[in-house]
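In: how does the following fold in three dimensions:
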Amino acid sequence: MNLTDMAGTGRNTNEGEFALIDRVLKPLAADTPAALGLTDDAAVLTPPKGKDLVLTKDAMVAGVHFREADLPGDIARKLLRVNLSDLAAMGATPVGYLLATFWPEDLPHAWITEFAEGLAEDQEEFGVGLLGGDTVRTSGPLSLSLTAIGSVAEGKALRRNGAGDGDLIVVSGTIGDGALGLRALNGQLPDLDPTSEEYLEDRYQLPEPRMALGRALVGKATSCIDISDGLIADIGHITEESGLGAVIEWEKVPLSEAAQAAVQSEPDLIATVLTGGDDYELAFTLPAERRDDLVKLAKEGGVPLTIIGEMIAGEGVRVRQADGNDMPLSVRGWQHF
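Out: Just a heads-up that it's a prediction; the model follows:
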């Protein structure tokens, strides 16, 4: 459905709904020919020759996925980025996105303007544009849904189900920053220095989808996933789909200086690092004989890569401590229900 389809619903304001859409949303589709200027009921998208389309959807609800005090632009950018991260995990290049917004009756138009400005900023950074969508008024809470569309070489999309026994488990960047950042924003890391606190908060609010790395992994990685529900839970998705188990070496899990400082101050935060989620780094498997490819992949992806374990016969994910014993974890990751 086109964004204009629901423009007349909801509370009347000084600026009409059509005028608001024309001012803040239509510009987001200006460089996306398939959107047809947001003048019709739907977009018309022609898949690139020799490509498969990859589609993903994520929703965000105030008080669940973001704090009501968060800046509108940051909320918009995170909404787009978490979807782009799903595309990255399948090796896809962004083509466009559809947006559905459920604005509370009393939401100021200035908030919507700042939200659109955040989308515009990241559209330019990631080379993607708006295709269409829907906008409605609601009694609350503020809710947002975005569907991202990407393309990948036909039959080459990265999957979760291709890992082999003995494959290396590799992650990009650093782990645990997102979950620790949420704790910092909620005042739950009182002993952390201001610089570390700011770094972790930024990692939570503005994750970095690893688009270049995802594309570089096509044809090389045997499986891939982005880390949204937590490292252990998401590696668990690979083990389930591949019919194998996994061993993670805790001492090899890469931590930022800020995360290291938090864990040193409060060792119980190790569980948060492993299970908290919101990192949006990529975790992938690679045959052991391709270990030397990691240097080139890190360069192409523009992000450090770290081997943290291996796939094994069996099931489930074990985390091995430095003493060789398995780490007990009462929670394995984020549960949506």
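
In: so what secondary structure elements neighbour the helix or strand containing Arg81?
Out: Using DSSP states H and E, the secondary-structure element containing Arg81 is helix 72-89. Taking 3 or more Cβ pairs under 8 Å, 6 or more residues apart in numbering; DSSP states H and E as the contact definition, the neighbouring helices and strands of helix 72-89 are strand 51-61, strand 93-104, helix 109-126, strand 143-153, helix 211-217, strand 223-226. For glycine as for every other residue, the C-beta is placed from the backbone atoms N, C-alpha and C.

In: out of these, which is the most enclosed?
Out: Among the helices and strands packed on helix 72-89, strand 223-226 has the highest mean neighbour count (mean count of other Cβ atoms under 10 Å), at a mean of 26.

In: following that one, which helix or strand comes up?
Out: Counting by DSSP H and E, the next helix or strand C-terminal to strand 223-226 is helix 231-242.

In: what about that following helix, average pLDDT?
Out: This predicted structure assigns helix 231-242 an average pLDDT of 97.

In: counting contacts, what elements does it pack onto?
Out: strand 223-226, strand 245-249, helix 270-275, strand 282-286, strand 305-312, strand 316-320.

In: buried set for the helix holding Arg81?
Out: By neighbour count with 16 or more other Cβ atoms under 10 Å, helix 72-89 contains the buried residues 72-89.

In: stretch 177-187 too?
Out: Within stretch 177-187, the residues scored as buried using 16+ other Cβ under 10 Å are 177-185.

In: re earlier: can you redo the helices and strands packed on helix 72-89 as a markdown table with mean pLDDT?
Out: What follows is the helices and strands packed on helix 72-89, written out as a markdown table (pLDDT from 0 to 100):
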| stretch | mean pLDDT |
| --- | --- |
| strand 51-61 | 96 |
| strand 93-104 | 95 |
| helix 109-126 | 95 |
| strand 143-153 | 97 |
| helix 211-217 | 98 |
| strand 223-226 | 98 |
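
In: of these, which is nearest Leu189?
Out: Distance to Leu189, taken as Cβ to Cβ, is lowest for strand 51-61 among those, at 23.4 Å.

In: direction included, what does that closest one pair up with?
Out: Using DSSP bridges, the strands paired with strand 51-61 are strand 143-153 (antiparallel).

In: relative to strand 93-104, how tilted is the partner strand?
Out: Comparing the axes of strand 143-153 and strand 93-104 via axes from the mean of the first three to the mean of the last three Cα atoms, to 10 degrees yields an angle of 170 degrees.

In: what's the angle between strand 143-153 and helix 109-126?
Out: Orientation note: strand 143-153 sits at an angle of 10 degrees relative to helix 109-126 (the same axes, to 10 degrees).

In: can you dump the C-alpha coordinates of strand 143-153 into PDB?
Out: Presented in PDB, the C-alpha positions along strand 143-153 are these (Å, rounded to 0.1, in the frame of the first residue of the first chain):
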ATOM      1  CA  SER A 143       5.000   1.300  16.500                       C
ATOM      2  CA  LEU A 144       7.100   1.000  13.400                       C
ATOM      3  CA  SER A 145       7.600  -1.700  10.800                       C
ATOM      4  CA  LEU A 146      10.100  -1.800   8.000                       C
ATOM      5  CA  THR A 147      10.500  -4.300   5.200                       C
ATOM      6  CA  ALA A 148      13.900  -4.200   3.500                       C
ATOM      7  CA  ILE A 149      14.500  -5.700   0.000                       C
ATOM      8  CA  GLY A 150      17.900  -6.700  -1.300                       C
ATOM      9  CA  SER A 151      19.400  -8.700  -4.100                       C
ATOM     10  CA  VAL A 152      22.000 -11.400  -4.300                       C
ATOM     11  CA  ALA A 153      23.400 -13.600  -7.100                       C
END
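
In: ok and the very next helix or strand once past it relative to strand 316-320, angle-wise?
Out: Of the helices and strands lying after strand 143-153 in sequence (DSSP H and E), the nearest is strand 168-172. Following the same axes, to 10 degrees, one obtains 80 degrees for the angle between strand 168-172 and strand 316-320.

In: oh, and call the first residue 45 from now on, that's how I've got it
Out: New numbering, starting at 45: the last item is strand 212-216.

In: which residues are contacting strand 212-216?
Out: Taking Cβ atoms under 8 Å, 6 or more residues apart in numbering as the criterion, the residues outside strand 212-216 that touch it are 254, 257, 271, 275, 279, 290, 292, 297-298, 325-332, 335, 338, 345, 347-355.
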